[in-house]
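Undergrad: quick one, what's the 3D model for this:
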Amino acid sequence: MTLRFSVLASGSTGNAFYIDSGDEKILVDAGLSGKKMEGLLRQVDVDPAQLTRILVTHEHSDHIKGLGIMARRYKLPIYANEKTWKAMDGQIGKVPLDQKFIFNMEAAQTFGGIDVESFAVSHDAAEPMFFTFRKDGKKVALVTDLGYVSERIKKTVEGADAFIFESNHDVSMLRMGRYPWNVKRRILGDSGHVSNEDCAYALTDVITDKTKRIYLAHLSLDNNMKDLARMSVENVLKERGFEIGSRIELHDTDPVEATPIYTV
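TA: So this is what the prediction gives:
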């Protein structure tokens with residue numbers, strides 16, 4: 001079997017991603033309560049007891065809220081880099097030593113035929129990293145929680161069959177919104193989050209003939225809307241000559257509803 005995945009939850013209230021290759025069933029982040037995580041997995045007909053491991057991108061609570069609970073309940077190995085492990089200390093409860101594993105940044109590991117590569121992102125966490133997943137010539141790229149998309153990241157994720165890509169905010173909504181200025185400055189900065197327009201321009205550099213689907217992820221509840229994000233990204237991509245709707249599909253993600261399982 002090739003790769004199948006679902007964006008279980010995406011947004012400032014909680015994030016989780018599921019990807020499998022048949023026997024190997026990987027959860028990336030567990031940013032909602034254990035009960036909600038189980039419910040999201042069951043939405044896409046995945047039995048939480050069949051999960052094989054959890055990968056962690058960084059220590060922010062919207063990515064690890066249910067991590068300790070899920071790991072203990074289902075005896076799952078957790079993979080994170082050393083700085084993230086230290087930063088999570090005290091946030092996820094006690095995890096048995098034999099369930100703790102290191103996945104270094106800018107490294108690759110293979111799980112059940114899925115080649116997973118980690119890459120650094122610019123975000124205000126200890127050592128945040130995201131992942132690409134490859135199997136049998138297929139590639140899925142998970143790219144959120146970053147202030148800007150570097151050339152190194154573009155080279156790493158280029159040519160994915162499917163992208164889960166941050167489209168966090170509309171700049172005008174953020175500037176005029178209710179957030180205090182120091183929070184706005186953080187979001188707009190190089191260690192913050194990618195805007196709709198920045199998402200679109202980055203995508204124009206990484207889409208290839210292989211690309212079939214783009215999921216717009218980590219939308220701000222206060223500073224974005226699904227329709228606005230989709231329209232903003234679609235307009236830029238169409239201006240650049242990409243066939244959106246026919247050759248490439250744009251999809252929403254949601255804070256509480258899992259996307260249907262998609263087979264790459």
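Undergrad: ranges for the helices of the stretch 1-150 of the chain?
TA: 34-43, 61-64, 67-74, 82-88 (DSSP state H, counting those that start in this stretch).
Undergrad: for Arg186, what are its contacts?
TA: Residues in contact with Arg186, defined by Cβ atoms under 8 Å, 6 or more residues apart in numbering, are Asp124, Gly192. For every residue, glycine as well, the C-beta is placed using N, CA and C.
Undergrad: if we can go back for a sec, for the helices of the stretch 1-150 of the chain, which one sits closest to Glu197?
TA: Nearest of the helices of the stretch 1-150 of the chain to Glu197, taken as Cβ to Cβ: helix 61-64 at 23.1 Å.
Undergrad: what's the burial count for the closest residue to Ala49 other than its chain neighbours?
TA: Excluding the flanking residues, the one nearest Ala49 by Cβ to Cβ, 6 or more residues apart in numbering is Tyr74, at 5.8 Å. Using other Cβ atoms under 10 Å, Tyr74 is surrounded by 17 other residues.
Undergrad: swap in Leu203?
TA: 26.
Undergrad: got phi/psi on it?
TA: phi -60, psi -30 (degrees, to the nearest 10).
Undergrad: would you mind putting the helices of the stretch 1-150 of the chain into a markdown table with mean pLDDT alongside?
TA: Formatted as a markdown table, the helices of the stretch 1-150 of the chain follow (pLDDT from 0 to 100):
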| stretch | mean pLDDT |
| --- | --- |
| helix 34-43 | 98 |
| helix 61-64 | 98 |
| helix 67-74 | 98 |
| helix 82-88 | 98 |
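Undergrad: between these, which gets nearest to Leu146?
TA: helix 61-64 (13.1 Å).
Undergrad: against Phe130, how distant is the nearest residue to Asp145 once chain neighbours are set aside?
TA: Counting by Cβ to Cβ, 6+ apart, Asp145 lies nearest to His123, which is 4.8 Å off, once chain neighbours are set aside. For His123, the distance to Phe130 (Cβ to Cβ, to the nearest Å) stands at 9 Å.
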